[in-house]
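Engineer: turn this into a model:
(4 chains)
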4 protein chains.
Amino acid sequence: MSLAQGRPYLAIPGPSTMPDRVLAAMHKPAPNIYEGEIEEIAARVAANLRRVAMSSSHVAIYIANGHGAWEASIANVFSRGDKVLSLVTGRFGNIWALNAAAMGVEVERLEFGLKSPADPARVEETLRADKGHEIKAVLLTHVDTATSVRNDVAGIRAAIDAAGHPALLMVDCIASLGCDEFRMDDWGVDVMVAASQKGLMVPPGLGFVWFSDKALEASRSSNMVTPYWNWHPRAFPEFVYQYFGGTSPTHHLFGLDESLKMILDEEGLPHIWNRHAALARAVWAAFETWGQGGDLALNIAEPEFRAHSVTAARIGGGGAERLRKWLETEAGVTLGIGLGMAEPGTPEADDFLRVAHMGHVNAHMTLGALATMEAGMQALNIPHGRGGIAAAAGEIAKGVAQA
Amino acid sequence: MSLAQGRPYLAIPGPSTMPDRVLAAMHKPAPNIYEGEIEEIAARVAANLRRVAMSSSHVAIYIANGHGAWEASIANVFSRGDKVLSLVTGRFGNIWALNAAAMGVEVERLEFGLKSPADPARVEETLRADKGHEIKAVLLTHVDTATSVRNDVAGIRAAIDAAGHPALLMVDCIASLGCDEFRMDDWGVDVMVAASQKGLMVPPGLGFVWFSDKALEASRSSNMVTPYWNWHPRAFPEFVYQYFGGTSPTHHLFGLDESLKMILDEEGLPHIWNRHAALARAVWAAFETWGQGGDLALNIAEPEFRAHSVTAARIGGGGAERLRKWLETEAGVTLGIGLGMAEPGTPEADDFLRVAHMGHVNAHMTLGALATMEAGMQALNIPHGRGGIAAAAGEIAKGVAQA
Amino acid sequence: MSLAQGRPYLAIPGPSTMPDRVLAAMHKPAPNIYEGEIEEIAARVAANLRRVAMSSSHVAIYIANGHGAWEASIANVFSRGDKVLSLVTGRFGNIWALNAAAMGVEVERLEFGLKSPADPARVEETLRADKGHEIKAVLLTHVDTATSVRNDVAGIRAAIDAAGHPALLMVDCIASLGCDEFRMDDWGVDVMVAASQKGLMVPPGLGFVWFSDKALEASRSSNMVTPYWNWHPRAFPEFVYQYFGGTSPTHHLFGLDESLKMILDEEGLPHIWNRHAALARAVWAAFETWGQGGDLALNIAEPEFRAHSVTAARIGGGGAERLRKWLETEAGVTLGIGLGMAEPGTPEADDFLRVAHMGHVNAHMTLGALATMEAGMQALNIPHGRGGIAAAAGEIAKGVAQA
Amino acid sequence: MSLAQGRPYLAIPGPSTMPDRVLAAMHKPAPNIYEGEIEEIAARVAANLRRVAMSSSHVAIYIANGHGAWEASIANVFSRGDKVLSLVTGRFGNIWALNAAAMGVEVERLEFGLKSPADPARVEETLRADKGHEIKAVLLTHVDTATSVRNDVAGIRAAIDAAGHPALLMVDCIASLGCDEFRMDDWGVDVMVAASQKGLMVPPGLGFVWFSDKALEASRSSNMVTPYWNWHPRAFPEFVYQYFGGTSPTHHLFGLDESLKMILDEEGLPHIWNRHAALARAVWAAFETWGQGGDLALNIAEPEFRAHSVTAARIGGGGAERLRKWLETEAGVTLGIGLGMAEPGTPEADDFLRVAHMGHVNAHMTLGALATMEAGMQALNIPHGRGGIAAAAGEIAKGVAQA
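Structural biologist: Next up, the predicted model:
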């Protein structure tokens, strides 16, 4: 008998759970797109997007998903034949690099496997070897949502600087912005890419590219950009439609305006970062406890390199996939599938899953997801260490006790 | 640091969590109230209300809350000076009796305390003593939402019959309908009262009174009814507005039409009863485990007399109220306050709380609420037995394994 | 070929068109009903209800429709056997009187037909004749939504005073509040009754009774009230649930809170009254022009006695009903049926319709309804004077030109 | 005094009025984007998009606005240096051509002014002159939303064929699809571009490109496409995310799925085409009548070349802009600004406006907009012929009388 009937909980790493206020803000007639409130909303959203990235520079808004934002970032910065250094720590870093290559950029890859962050030393070494400064930029994924590794953005910037190399630092924060701490200015990021549907808590449909003056300068001499991706009119619009390269994404703007208010003016970024950290620790504690009595393990061994927004894990013997399906049909929870951890179609592909804890998420949602996992493991006879939820609850108690 | 930011979970015993589909169904322009779709909806809702009560007889719909439905039931059945036997097992049974008295009915009370169901033997005995059959009806609360006791409706009917007494059986199912098994016809219930906001998963605003032919007959000679409460035009309408004694409750009807479809045509009543039973067992298992290491206890000792929709419990030393507040501000869960278990304002009043598990509720929501309670007890240093969630998860696993 | 596909316009005299903001405010999870935001909302709504009635005294909120509010007003003020003077100017005044009688009040009726307001002179005369002051109250309908007559409330008060009679003045403003000017204190009204679904722009489901200190005093000695209708705990609550005699009407409160904000703090009552007056004049101008070339007429001849919220009219030869049906199926407009103007089922019953212009209504909606009527009359070959819309448009232009 | 308070009517040529059902369908939690209902919805939407275009070939869905869809169409079909013949009949045809040029396509333009459709004879002549068949495609705007001219798509196809030229025919139906008759297969269109926010009645945020086998073939040898615009994976997906080049536009899909159901399975395309034609005739009749007494004129003189979805008009002496502003602030109607008809900033720029009648629009909405214009012209003393609304109403009556 299914016990799933009730409010379903979607714990996949994007789209995340939308706040009721965001969905309500989108349930409205369309506004005029040439004048009136749309002008205020567009300006406020653009300003707040800079705030959410801790950036004092520029932002372009695209009607697109994250793949579109990736393409926009490449199209503005590069000319065909330019060279980029891509740091690959998972499936999504890989695709960004492949897309750059498909667009005519020469890609040099540094691979760090599926369980480790990018190593600043290798980056520094590679850049030092690039005597002619042919590498125009370094591509880095802050959190790769497939592996749930979290890269040390400031550390990579330091490596670039240590090498005395002028490369731009381009960072994909799609799976981290609004969840994990990120400071565009302080960390010396030149181009940052994100999208609406994860930490920003809005349905999929908007991509964003932030860029520094240095990146702006670089874009002036690039030859690859097309009218839709061109960030100049979007970041420096004379008329409101230029923000969006044509018709405004009216309803997504209504939603994003509301979510940015919640993020910046109500909860506040530092609190959000701490909340995600505490919830992540609860998830880790459960898995670590379970792993003491079974073939379960977090994908990323070292806590400092684990994302705070999503957790990839392994449950051997196909347990991950069986558990995922049980949760969906019997308990009302949808976890994320494992992505890019094993060859699709092989038995190993069924050993991975992901638990998201990004955006509009609290102790109840997270502990509830973990507790249904424990029920599922009991139901499916998946061996696991006892006391996982008590351990997770303990982390929640500790998190709340923090100042 | 609060970890409540996210989708809040309201686990009070009514109003319950509304399904998104129900709220969406209510987000619509008003219809014509004299003709068109309102006629179909009203007829379908009335028919489905009979189905949800397992009743082949009559139903009147009131724009009112449960207190209004109580008043309607009294107003139709009695004349001033008539006598009723009231079986009191908690605060709500008590108020129904008080209201009847305030309306001019002579009330004889049988009190069963706050931790026990009504005893059929005492009912039989009392009715046998009523040689002149002055008692016109017996008032029974199926589930008293304050004590979470669940009375044996069929057993009380049997007691009435055993006494050879013609009294009508009037039952308040406000806190049980759509959660606990209830069979109006099979169990010989003459009048049943319910409301929209609990098992029926619709916002507060509608009350219902079902009545048998025998109750209908009784109502013909009563002198107390007023135009608004009169169940005749509502149950046997010629025009659509008569269902509602005037203007239709248009938006509540949209919502109720949708929820009754979900209940009757999608999940089905037997599945719903079983789901509530399984979730209730999970809650009980957690409390029983916790109680082994601390001053915690379920209010109702015997499982067969515990409601499947709500659980009242005691956590000594004011722990209940401290825990409730912690959950609300830190974890995103709102539990129900204790009601009617101790004198308001006394320290003992802070020893009670209620966990609701009624209506649109699943394993995730329920286990999540329990797991946040465990976190809260850790945070607040409330002594409790370990392993509560593992035990609850085990009950969920067992529940799913049921055919 | 139907040209109705599009946003339908419901121009019946209640429920009226709900603002999107009101529906959005109601599309929310339920709140806790014992503490928290519900306490603020209930207090604010009660305060704003007094403001909307221009009243400094008391208000009770009922989960009920207008019929329930009528019943509440009677139940609180009277004892069985008390006498009331009922001024009947249409179907709804008639039902209020019938209900009072059914509840045990002795009703003396003054009838003023279906096309005229209550005559203060006859009221004064009747009261003067009541030397023993047996008449406890006078019942008056401000706007009878069936006839669309608007009574002179202040004039009736003056008549009562001129007669030196102590009778309470009880006024039904269901179809006028939030549309036509109404001043409870200034006009000496003791009891006023209204509901949520007309000028207050919220779905049906709430009724309200305002009462003066004098009415409060009268209620202390009455013997008819039942717990549900008792206005004392509702108007002077110690706990939040007492406002509502039990479970709060959570979602209606969300909606009403929003609509009262729009009415009182955004548009403002004087502007609302003027807007309704201007829209009403546009409707009248169209009908008057049409009537110059056909068998059409407004029900109320004298403009000063016409409601500003609804207009009843006659189109001979069954034209009203044919036009109403054409508008609904072909043009996307639903007008109100004629009510109480002729014996149902007779050919004459098809000669009446009503156009509502109450609540959330603007020039576009009103002129659009009139213009589709003109299209319908052309389509159905209903003779009518030319230039109706031009005349209506002229009134709109004049209305806008007003300070 | 403003008479705008009420439900606002947005009569700009996109975004159009969204049906309540569409907005409600979008007010939902996000679904899983890797499996489950999203797979069914994506497949159904793609199939229905082909139906709405009367196309048996292929469709790619883009998270983008119309400008993005333009770019996608260019990127797939051309290689840098290819030549295209652009037929310009307004601002939007002009931008499409400019964008193609900016992307590296050599553009030959045929200009037809702002008041006339493209002339098939000139197209045939131009193509005949292109002996070497260097022109790879002809770009045509079905309805240019700035001028409201409607081009004869089949006629242009015939001209291409008459010239014996192999050029692809690429048509922009952004402002016509779901309003004006369009038959992709029958009319020999190779590439068609549209977007969500006009006739398809969904918020802005999706663009679409349909393409024939011949266009598919052409795309195989083009060198310009980037990963995001590539139509191959989108039109022939193996996994659901390939439809959308990454994360699905979940909420727009919910909305579009609903609107396509309304269009195809409920009202039906032929009825929709006829409805738009009838409403357009009503608008034209009003303007023609008004023009008889003032300096007003429709932009397109010949009815057969007027769009059925939007009407551009001129009101001299800045009357257009004054009227537009009056309607917005005083009457609750927002008309479209004139676009591309005169130099922005000059007095002449204030002489143009546009009335949209696209998508979810009925007799009430359209006649209401016209009637408020008549009120506004009276208020602003803009001379105009009398009887405009009566004439418009007459067209509505005739439209309804059609089989």
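Engineer: burial count for residue A:28?
Structural biologist: Around residue A:28 there are 17 other residues, counting by other CB atoms under 10 Å in any protein chain shown. From N, CA and C alone the C-beta is placed, and that goes for glycine too.
Engineer: the one 5 residues further on too?
Structural biologist: Close neighbours of residue A:33, defined as other CB under 10 Å, add up to 24.
Engineer: excluding chain neighbours, what is closest to it?
Structural biologist: Sequence neighbours aside, residue A:248 is the residue nearest to residue A:33 in space, at 4.7 Å (criterion: CB to CB, 6 or more residues apart in numbering or on different chains).
Engineer: where exactly do the helices run in chain A?
Structural biologist: Ranges of helices within chain A are A:20-26, A:37-52, A:66-77, A:91-102, A:120-129, A:153-162, A:213-220, A:231-235, A:250-260, A:269-291, A:319-326, A:363-379, A:388-401, based on DSSP state H.
Engineer: which of those sits closest to chain B?
Structural biologist: helix A:363-379 (2.3 Å; CB to the nearest CB).
Engineer: hmm, back to that, got the helices of chain A as TSV, with mean neighbour count columns?
Structural biologist: Formatted as TSV, the helices of chain A follow (neighbours: other CB atoms under 10 Å in any protein chain shown):
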stretch	mean neighbour count
helix A:20-26	21
helix A:37-52	18
helix A:66-77	28
helix A:91-102	21
helix A:120-129	17
helix A:153-162	20
helix A:213-220	16
helix A:231-235	20
helix A:250-260	25
helix A:269-291	22
helix A:319-326	21
helix A:363-379	29
helix A:388-401	24
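Engineer: residue nearest the centroid of chain A?
Structural biologist: Geometric centre of chain A, nearest residue: residue A:175, 0.7 Å, by CA atoms, centre = their mean.
Engineer: and that one, what's its pLDDT?
Structural biologist: On pLDDT, residue A:175 comes in at 98.
Engineer: do you know how far it is from residue A:354?
Structural biologist: Distance of residue A:175 to residue A:354, given as CB to CB, to the nearest Å: 10 Å.
Engineer: for residue A:62, same thing?
Structural biologist: Where residue A:354 is concerned, residue A:62 sits at a distance of 26 Å (CB to CB).
Engineer: ok, the two, which is more surrounded?
Structural biologist: Between residue A:62 and residue A:354, counted using other CB under 10 Å, residue A:62 has the larger neighbour count: 29 against 25.
Engineer: for that one, give me its contacts.
Structural biologist: For residue A:62, the contact set (CB atoms under 8 Å, 6 or more residues apart in numbering or on different chains) comprises A:68, A:69, A:72, A:206, A:207, A:208, A:209, A:228, A:229, A:234, A:244, A:245.
Engineer: of the residues you listed, closest to residue B:31?
Structural biologist: The shortest approach to residue B:31 among the contacts of residue A:62 belongs to residue A:206, at 35.9 Å (CB to CB).
Engineer: I figured residue A:298 hits residue A:281, correct?
Structural biologist: No - in this structure residue A:298 lies outside contact range of residue A:281 using CB atoms under 8 Å: 11.7 Å.
Engineer: kindly check the end-to-end length of stretch A:179-198 for me.
Structural biologist: Using CA to CA, to the nearest Å, the end-to-end distance of stretch A:179-198 comes out at 9 Å.
Engineer: repeat that for stretch A:230-238.
Structural biologist: Using CA to CA, the end-to-end distance of stretch A:230-238 comes to 15 Å.
Engineer: show the contacting residues for the closest residue in space to residue A:63 that isn't next to it in sequence.
Structural biologist: Of all residues not flanking residue A:63 in the chain, residue A:249 sits nearest, at 4.8 Å (CB to CB, 6+ apart). By CB under 8 Å, 6+ apart, the residues touching residue A:249 are A:61, A:63, A:205, A:206, D:65, D:203, D:204, D:205.
Engineer: how about TSV for the residues you listed, with pLDDT and distance to residue B:105 added?
Structural biologist: Output for these, formatted as TSV (pLDDT from 0 to 100; distance: CB to CB, whole Å):
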residue	pLDDT	distance to residue B:105
A:61	98	67
A:63	98	67
A:205	98	61
A:206	98	63
D:65	98	68
D:203	98	58
D:204	98	63
D:205	98	62
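Engineer: could you dump those residues into TSV with neighbour count added?
Structural biologist: Shown next, in TSV, are those (neighbours: other CB under 10 Å):
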residue	neighbour count
A:61	27
A:63	27
A:205	32
A:206	30
D:65	28
D:203	30
D:204	28
D:205	32
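Engineer: ok so, going back, and the residue nearest to residue A:63, what pLDDT?
Structural biologist: For residue A:249, the model assigns a pLDDT of 98.
Engineer: would you turn the helices of chain A into JSON lines with distance to residue B:11?
Structural biologist: JSON lines is the format used below for those (distance: least, CB to CB, whole Å):
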{"stretch": "helix A:20-26", "distance to residue B:11": "17"}
{"stretch": "helix A:37-52", "distance to residue B:11": "32"}
{"stretch": "helix A:66-77", "distance to residue B:11": "36"}
{"stretch": "helix A:91-102", "distance to residue B:11": "37"}
{"stretch": "helix A:120-129", "distance to residue B:11": "47"}
{"stretch": "helix A:153-162", "distance to residue B:11": "40"}
{"stretch": "helix A:213-220", "distance to residue B:11": "49"}
{"stretch": "helix A:231-235", "distance to residue B:11": "46"}
{"stretch": "helix A:250-260", "distance to residue B:11": "26"}
{"stretch": "helix A:269-291", "distance to residue B:11": "20"}
{"stretch": "helix A:319-326", "distance to residue B:11": "24"}
{"stretch": "helix A:363-379", "distance to residue B:11": "9"}
{"stretch": "helix A:388-401", "distance to residue B:11": "17"}
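Engineer: surely residue A:5 is in contact with residue B:364?
Structural biologist: No - with contact defined as CB under 8 Å, residue A:5 does not reach residue B:364; the gap is 10.8 Å.
Engineer: any chance of the helices of chain A in JSON lines, with distance to chain C too?
Structural biologist: Output for the helices of chain A, formatted as JSON lines (distance: least, CB to the nearest CB, whole Å):
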{"stretch": "helix A:20-26", "distance to chain C": "5"}
{"stretch": "helix A:37-52", "distance to chain C": "14"}
{"stretch": "helix A:66-77", "distance to chain C": "29"}
{"stretch": "helix A:91-102", "distance to chain C": "34"}
{"stretch": "helix A:120-129", "distance to chain C": "46"}
{"stretch": "helix A:153-162", "distance to chain C": "37"}
{"stretch": "helix A:213-220", "distance to chain C": "40"}
{"stretch": "helix A:231-235", "distance to chain C": "30"}
{"stretch": "helix A:250-260", "distance to chain C": "11"}
{"stretch": "helix A:269-291", "distance to chain C": "20"}
{"stretch": "helix A:319-326", "distance to chain C": "27"}
{"stretch": "helix A:363-379", "distance to chain C": "13"}
{"stretch": "helix A:388-401", "distance to chain C": "20"}
